[in-house]
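Asks: Have a look at this fold, sequence not included:
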């Protein structure tokens, strides 16, 4: 079954344990002795690339691929530092990769078998961001106690560098003389990336919270090596993720 038919169900299944954890710990919040200095944690989710460039048009036209086949799971880590009661600076790195088998449309080899290959797209963004919280993240009681709010929505944005790798391995057809040849096509490099984001933090305990986030990224890069001459590859997309995070303060350090 094609990956895109399961994409949204996969996101729900991947994040379901986090939702269950939130429900099971709803009454376990406590207080810290000081406002948090930041947080650290990991997140996972689904990457939905737009794939709106010439190289994707070519491979989906000639091969049994669809743009939805480039969707993939994502996972990564994140470190945030609080610089204001409603403002964090965040550093993160994530990994996304799809690997899809395909066939040349309308052609068979000498043994009347499909002409097969595999297409791989990997993306690794290394980014920094600013998050602005739309409501207070907690309440201070005197000088020695801070308790987190239950739900805290936020918006933000940032940028950084994105490493990509696009490659195809297998058999292909030369449409000039209809000969079949084996080849390994590839291009990789680094691209600038900018993004906007929005999300919701859900406190579980005084230190643990869930973070559900939607990120919209813009990136493109010139294709190199075997794909030289194509328009820049479109690396933009939307990513929906959820993660578990740990608040740290002076006491934790």
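Replies: It's in. These figures come from a predicted structure and were not determined experimentally.

Asks: What is the neighbour count of residue 198?
Replies: 16 (other C-beta atoms under 10 Å). For the C-beta atoms, the positions are set from N, CA and C on the backbone; glycine is no exception.

Asks: Kindly apply the preceding question to residue 92 instead.
Replies: For residue 92, using other C-beta under 10 Å, the count is 20.

Asks: Find the nearest non-adjacent residue to it, please.
Replies: In space, and not counting its chain neighbours, residue 92 is closest to residue 78: 4.2 Å by C-beta to C-beta, 6 or more residues apart in numbering.

Asks: cool, and residue 43?
Replies: Per C-beta to C-beta, 6+ apart, closest to residue 43 is residue 243, 2.8 Å.

Asks: which residues sit in contact with the one you found?
Replies: The contact partners of residue 243, by C-beta atoms under 8 Å, 6 or more residues apart in numbering, come to 18, 41, 42, 43, 44, 78, 210, 211, 213.

Asks: Quick check: the two most widely separated of these?
Replies: 18 and 78 (14.6 Å; C-beta to C-beta).

Asks: And the pLDDT at the residue nearest to residue 92?
Replies: For residue 78, the model assigns a pLDDT of 98.

Asks: If residue 118 is in a bridge, with which residues?
Replies: residue 101, residue 169 (DSSP bridges).

Asks: that older thread, chain center to the helix or strand containing the residue nearest to residue 43: distance?
Replies: Residue 243 is located in strand 237-248, with elements delineated by DSSP states H and E. Its chain's C-alpha centre and that of strand 237-248 lie 10 Å apart, by C-alpha atoms, centre = their mean, to the nearest Å.

Asks: Next: stretch 107-119.
Replies: The answer for stretch 107-119 is 33 Å, by C-alpha atoms, centre = their mean.

Asks: now swap in stretch 135-152 and tell me
Replies: The answer for stretch 135-152 is 30 Å, by C-alpha atoms, centre = their mean.

Asks: count of residues packed around the nearest residue in space to residue 131 that is not next to it in sequence?
Replies: Closest residue in space to residue 131, ignoring its immediate chain neighbours: residue 156 at 4.0 Å, by C-beta to C-beta, 6+ apart. As a burial measure, residue 156 scores 20 neighbours (other C-beta under 10 Å).

Asks: got a pLDDT number for residue 156?
Replies: pLDDT recorded at residue 156 is 98.

Asks: Which residues does residue 153 form beta bridges with?
Replies: Beta-bridge partners for residue 153, by DSSP bridges, are residue 200.

Asks: pretty sure it contacts residue 199?
Replies: Yes - using C-beta atoms under 8 Å, residue 153 is in contact with residue 199, at 7.2 Å.

Asks: More neighbours: these two, which one.
Replies: residue 199 (20 against 12).

Asks: That one against residue 154, yeah?
Replies: Yes - between residue 199 and residue 154 there is a contact at 5.6 Å, judged by C-beta under 8 Å.
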